[in-house]
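Student: Structure, please.
(3 chains)
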Amino acid sequence: MSWTDERIERLKAMWTKGATASQIADELGGVSRNAVIGKAHRLGLESRPSPVKPGEEKEKKAKAAPAPKVAKPAPAPKAAPAAPEPRETSTESPMGGLAPAAAPSKPAESGIQYRSVGPGGFIRQGPGDTQAPIPPAPPRRLVPAKPSADVADKTSLLDLNDRICRWPMGHPGEPDFHFCGQAANPGYPYCVEHCGVAYQAQLPRRDRRPPPPLPYGGPRVR
DNA sequence: CCCTGATTCGC
DNA sequence: GCGAATCAGG
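Tutor: All right, here's what the predicted structure looks like:
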């Protein structure tokens, strides 16, 4: 299974909405949880409350010696205390406070610091400024979104049972995604109308019409 | 054990 | 770029 634009779209939507990697993988089908996580990171959708984050560096792969396949490269020196970074000062002008766009990493010399104050928010702090103008980062925690008015009276995932039609309306991850919700055709997961769409009598080839687009990616393959 | 996301690294 | 293997926290 490949990452088509459509699937990436759904991944982004669900990831942003807080769906777990497992849910996303399950929803998309054909990919593993790991694949979803890997893709999410490659897309730059990062940082979600993770069980294992705390800043302390953990000594990973500290296993005794379970027949390592390849020699582990020496861990990169994380901080060389006695090795100052090579400085490029020739282009530095005292008043040219604007650091080259690619290098905001010299706050001490430019006198300007950018501090994150939350998702997408940054403030600029000059040399004369003290700690004062730094507003505390507002604690923001993503909470489960309440059902919007659009979805409130629609049939959600939680409303499903074996007596109502599970035909998906729209696409998972979209704000107004819901299910048909009509009375299901007994013995079938869909109402009569959608059974008509889902189950079609085999017709002679010459009478076949091109099948209508499926309401979502396609039949589940699991 | 189950779940979670992060990271690594061979492909 | 992809994702299985592996990690670590809950």
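Student: Quick one: neighbours of residue A:191, just the number.
Tutor: Residue A:191 sits with 19 neighbouring residues when counted by other C-beta atoms under 10 Å. (Each C-beta comes from the backbone N, C-alpha and C, glycine too.)
Student: If you count contacts, what does the longest helix along chain A end up packed against?
Tutor: Looking across chain A with DSSP state H, the single longest helix is helix A:5-17. Under the contact criterion of 3 or more C-beta pairs under 8 Å, 6 or more residues apart in numbering; DSSP states H and E, helix A:5-17 touches helix A:21-28, helix A:33-43.
Student: where in chain A is pLDDT low?
Tutor: Scanning chain A for pLDDT under 70 picks out the ranges A:47, A:50-153, A:157-160, A:172-174, A:195, A:197-222.
Student: For stretch A:32-44, list the C-alpha coordinates in CSV.
Tutor: Extracted in CSV, the C-alpha atoms of stretch A:32-44 (Å, rounded to 0.1, in the frame of the first residue of the first chain):
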residue,chain,number,x,y,z
SER,A,32,0.8,-0.7,10.3
ARG,A,33,0.8,1.6,13.3
ASN,A,34,4.5,2.0,12.9
ALA,A,35,4.0,3.0,9.3
VAL,A,36,1.6,5.7,10.3
ILE,A,37,3.9,7.0,13.0
GLY,A,38,6.8,7.0,10.6
LYS,A,39,4.9,8.8,7.9
ALA,A,40,3.5,11.3,10.4
HIS,A,41,7.0,12.2,11.4
ARG,A,42,8.3,12.4,7.9
LEU,A,43,5.4,14.7,7.1
GLY,A,44,6.5,16.9,10.0
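Student: Next, the buried residues of that stretch.
Tutor: Using 16 or more other C-beta atoms under 10 Å as the test for burial, stretch A:32-44 gives A:35, A:36, A:37, A:39, A:40.
Student: Not counting residues beside it along the chain, what's closest to residue A:46?
Tutor: residue A:40 (7.5 Å; C-beta to C-beta, 6 or more residues apart in numbering).
Student: quick one: the one you found and residue A:13 touch, right?
Tutor: No: with contacts defined as C-beta atoms under 8 Å, residue A:40 does not count as touching residue A:13, sitting 11.6 Å away.
Student: re the thing from before, now render the helices and strands packed on helix A:5-17 as TSV, adding distance to residue A:154.
Tutor: Compiled in TSV, the helices and strands packed on helix A:5-17 are given as follows (distance: least, C-beta to C-beta, whole Å):
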stretch	distance to residue A:154
helix A:21-28	18
helix A:33-43	26
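Student: Before I go, just wanted to say thanks for your time.
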